[in-house]
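> prediction below, plus the sequence it came from.
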Amino acid sequence: MERYLDITPGSVSVLGLMNDKGGAVRLLMDRDLLKEEYYGCHPCINTSSLWLKTADVFEKLLPAMGHAPTYVELPWVIEE
């Protein structure tokens, strides 16, 4: 991720896509995230976090960065 997004390990964030000018990174997002009002992410460094409106992330931010998410459905597994 350092090569493509210019962010260090542990700091990977959807906001790092602003550094992916060549479109080398494919964004996979859990479809369940769309159900949440807010989306939490790092501001490209893992010492702080941001809470953004989920609608703003998917309707404004990602299109502005030229990235469309590929939605996936991740199964919930609860181990007893």
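Noted; the coordinates are in hand.
> need the contact list for the spatially most central residue of the chain.
By CA atoms, centre = their mean, the chain has its centre lying nearest to V14, at 2.8 Å. Contact partners of V14, counting by CB atoms under 8 Å, 6 or more residues apart in numbering, are L27, Y39, C41, V57, L61, L62. All C-beta atoms are positioned from the backbone trio N, CA, C, and that covers glycine.
> beta-bridge partners for the third one, please?
When you say that, I think you mean C41. Beta bridges link C41 to L50 when assigned by DSSP bridges.
> identify the residues contacting stretch 66-80?
Counting by CB under 8 Å, 6+ apart, 17, 20, 23, 25-32, 34, 58, 62 sit against stretch 66-80.
> what about this structure, any weak spots by pLDDT?
80 (pLDDT under 70).
> so which residues of it form strands?
Assigned strands in the chain, in chain order: 28-30, 38-41, 50-53, 70-72 (criterion: DSSP state E).
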